[in-house]
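Engineer: The amino acid sequence is not available; the structure is as follows:
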(Lines give C-alpha, C1' and ligand atoms only; values in the text may rest on other atoms or scores of the structure.)
Protein backbone atom coordinates (compact mmCIF):
# COMPACT_ATOMS: atom_id res chain seq x y z
CA UNK A 1 0.00 0.00 0.00
CA UNK A 2 1.30 3.47 -0.90
CA UNK A 3 2.41 5.82 1.86
CA UNK A 4 -0.26 8.21 3.21
CA UNK A 5 -3.00 6.26 1.42
CA UNK A 6 -6.02 5.66 3.63
CA UNK A 7 -7.01 2.00 3.83
CA UNK A 8 -10.57 0.93 3.10
CA UNK A 9 -10.25 -1.61 5.90
CA UNK A 10 -10.61 -0.20 9.39
CA UNK A 11 -10.71 -2.73 12.23
CA UNK A 12 -12.42 -1.88 15.51
CA UNK A 13 -11.15 -3.91 18.47
CA UNK A 14 -13.69 -4.68 21.16
CA UNK A 15 -12.84 -5.67 24.72
CA UNK A 16 -12.81 -9.35 25.65
CA UNK A 17 -13.14 -10.45 29.23
CA UNK A 18 -13.07 -13.91 30.75
CA UNK A 19 -15.34 -15.03 33.56
CA UNK A 20 -16.00 -18.76 33.06
CA UNK A 21 -16.45 -17.89 29.36
CA UNK A 22 -15.24 -15.22 26.97
CA UNK A 23 -17.44 -12.18 26.59
CA UNK A 24 -16.87 -9.44 24.03
CA UNK A 25 -18.79 -6.18 24.20
CA UNK A 26 -19.15 -2.99 22.24
CA UNK A 27 -21.06 0.12 23.07
CA UNK A 28 -21.75 3.55 21.64
CA UNK A 29 -19.71 5.73 21.53
CA UNK A 30 -16.72 3.88 23.04
CA UNK A 31 -16.21 1.22 20.35
CA UNK A 32 -19.13 1.86 17.99
CA UNK A 33 -18.93 5.35 16.44
CA UNK A 34 -22.63 5.52 15.56
CA UNK A 35 -25.94 4.82 17.24
CA UNK A 36 -27.09 1.33 16.27
CA UNK A 37 -30.46 1.34 14.46
CA UNK A 38 -30.38 -2.23 13.15
CA UNK A 39 -28.70 -5.53 14.04
CA UNK A 40 -28.71 -8.59 11.85
CA UNK A 41 -26.69 -11.74 11.43
CA UNK A 42 -25.95 -14.16 8.61
CA UNK A 43 -25.47 -17.88 9.20
CA UNK A 44 -25.74 -21.25 7.39
CA UNK A 45 -24.51 -19.68 4.16
CA UNK A 46 -24.31 -21.94 1.15
CA UNK A 47 -20.62 -22.76 0.53
CA UNK A 48 -19.12 -20.91 -2.43
CA UNK A 49 -22.03 -18.48 -2.75
CA UNK A 50 -20.91 -14.84 -2.57
CA UNK A 51 -22.97 -12.49 -0.39
CA UNK A 52 -23.24 -8.75 -0.26
CA UNK A 53 -22.29 -7.48 -3.72
CA UNK A 54 -23.73 -4.04 -3.03
CA UNK A 55 -23.04 -0.64 -1.57
CA UNK A 56 -25.00 1.47 0.90
CA UNK A 57 -25.50 5.14 0.03
CA UNK A 58 -25.65 6.38 3.64
CA UNK A 59 -25.57 3.44 6.07
CA UNK A 60 -22.46 2.75 8.13
CA UNK A 61 -21.89 -0.80 9.37
CA UNK A 62 -19.54 -2.81 11.53
CA UNK A 63 -19.21 -6.51 10.71
CA UNK A 64 -18.08 -9.09 13.28
CA UNK A 65 -17.33 -12.67 12.30
CA UNK A 66 -18.27 -14.21 15.62
CA UNK A 67 -17.82 -17.79 14.41
CA UNK A 68 -15.99 -19.29 11.43
CA UNK A 69 -14.45 -17.10 8.76
CA UNK A 70 -15.36 -14.73 5.97
CA UNK A 71 -13.23 -13.07 3.31
CA UNK A 72 -14.31 -9.46 2.89
CA UNK A 73 -13.59 -7.68 -0.38
CA UNK A 74 -14.14 -3.91 -0.38
CA UNK A 75 -13.88 -1.44 -3.23
CA UNK A 76 -14.34 2.34 -3.31
CA UNK A 77 -14.21 2.61 -7.10
CA UNK A 78 -10.48 3.36 -7.10
CA UNK A 79 -8.95 0.81 -4.74
CA UNK A 80 -9.83 -2.78 -3.88
CA UNK A 81 -8.75 -4.46 -0.64
CA UNK A 82 -9.54 -7.69 1.13
CA UNK A 83 -9.24 -9.19 4.58
CA UNK A 84 -10.23 -12.49 6.19
CA UNK A 85 -12.21 -11.99 9.39
CA UNK A 86 -11.88 -14.82 11.93
CA UNK A 87 -11.49 -13.09 15.30
CA UNK A 88 -14.75 -12.21 17.12
CA UNK A 89 -12.95 -9.29 18.80
CA UNK A 90 -12.36 -7.58 15.45
CA UNK A 91 -15.12 -5.58 13.82
CA UNK A 92 -14.64 -4.26 10.31
CA UNK A 93 -16.01 -0.76 9.78
CA UNK A 94 -17.83 -0.37 6.49
CA UNK A 95 -18.43 3.22 5.44
CA UNK A 96 -21.11 4.35 2.96
CA UNK A 97 -20.33 4.09 -0.76
CA UNK A 98 -17.90 1.20 -0.33
CA UNK A 99 -18.78 -1.84 -2.44
CA UNK A 100 -18.51 -5.02 -0.38
CA UNK A 101 -18.65 -8.74 -0.94
CA UNK A 102 -18.53 -11.56 1.57
CA UNK A 103 -16.77 -14.63 0.19
CA UNK A 104 -15.58 -18.05 1.33
CA UNK A 105 -17.97 -18.25 4.28
CA UNK A 106 -17.90 -21.62 6.03
CA UNK A 107 -21.26 -23.26 6.68
CA UNK A 108 -20.68 -22.68 10.41
CA UNK A 109 -19.83 -18.97 9.96
CA UNK A 110 -21.88 -16.42 11.86
CA UNK A 111 -21.49 -12.82 10.69
CA UNK A 112 -22.99 -10.19 13.00
CA UNK A 113 -23.70 -6.74 11.52
CA UNK A 114 -24.42 -3.50 13.39
CA UNK A 115 -25.94 -0.78 11.19
CA UNK A 116 -26.45 2.95 11.62
CA UNK A 117 -29.79 3.01 9.76
CA UNK A 118 -32.95 0.97 9.62
CA UNK A 119 -33.46 -1.18 6.52
CA UNK A 120 -34.26 0.92 3.45
CA UNK A 121 -34.19 -0.70 -0.02
CA UNK A 122 -33.44 2.76 -1.49
CA UNK A 123 -30.12 2.85 0.38
CA UNK A 124 -28.73 -0.04 -1.71
CA UNK A 125 -26.95 -0.01 -5.05
CA UNK A 126 -26.73 -3.62 -6.20
CA UNK A 127 -25.20 -3.07 -9.64
CA UNK A 128 -21.44 -2.45 -9.74
CA UNK A 129 -21.56 -0.42 -12.96
CA UNK A 130 -24.29 1.82 -11.51
CA UNK A 131 -22.08 2.29 -8.43
CA UNK A 132 -19.14 3.33 -10.65
CA UNK A 133 -21.40 5.70 -12.60
CA UNK A 134 -22.60 7.35 -9.38
CA UNK A 135 -18.99 7.84 -8.25
CA UNK A 136 -18.06 9.49 -11.57
CA UNK A 137 -21.14 11.70 -11.35
CA UNK A 138 -20.21 12.66 -7.78
CA UNK A 139 -16.67 13.60 -8.88
CA UNK A 140 -18.05 15.84 -11.64
CA UNK A 141 -20.43 17.67 -9.29
CA UNK A 142 -18.31 17.76 -6.12
CA UNK A 143 -14.77 17.50 -7.46
CA UNK A 144 -13.97 14.41 -5.36
CA UNK A 145 -15.27 10.94 -4.56
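Structural biologist: Done, it's in. Quantities reported herein were computed from a predicted structural model and do not represent experimental measurements.
Engineer: any idea what residue 17 is structurally, helix, strand or coil?
Structural biologist: strand (DSSP: H, G, I helix; E, B strand; the rest coil).
Engineer: At the geometric centre of this structure, which residue do we find?
Structural biologist: residue 94 (3.8 Å; C-alpha atoms, centre = their mean).
Engineer: Leaving out sequence neighbours, find the closest residue to it.
Structural biologist: Take residue 94 and drop its neighbours on the chain: the residue closest to it by C-beta to C-beta, 6 or more residues apart in numbering is residue 61, 4.3 Å away. Quick note: C-beta positions are derived from backbone N, CA and C, even for glycine.
Engineer: Can you give me the neighbour number for the one you found?
Structural biologist: Using other C-beta atoms under 10 Å, the number of residues around residue 61 comes to 22.
Engineer: Adjust the sequence numbering to begin at 27 for everything that follows.
Structural biologist: Got it, the first residue is 27 from now on, which makes the last one we talked about residue 87.
Engineer: and the gap between it and residue 98?
Structural biologist: Residue 87 sits 11 Å away from residue 98, going by C-beta to C-beta, to the nearest Å.
Engineer: go on, residue 84?
Structural biologist: Applying C-beta to C-beta, the value for residue 84 to residue 98 is 20 Å.
Engineer: relative to its centroid, which residue of this structure is most remote?
Structural biologist: Distance from the centre of the chain peaks at residue 46, with 30.6 Å (C-alpha atoms, centre = their mean).
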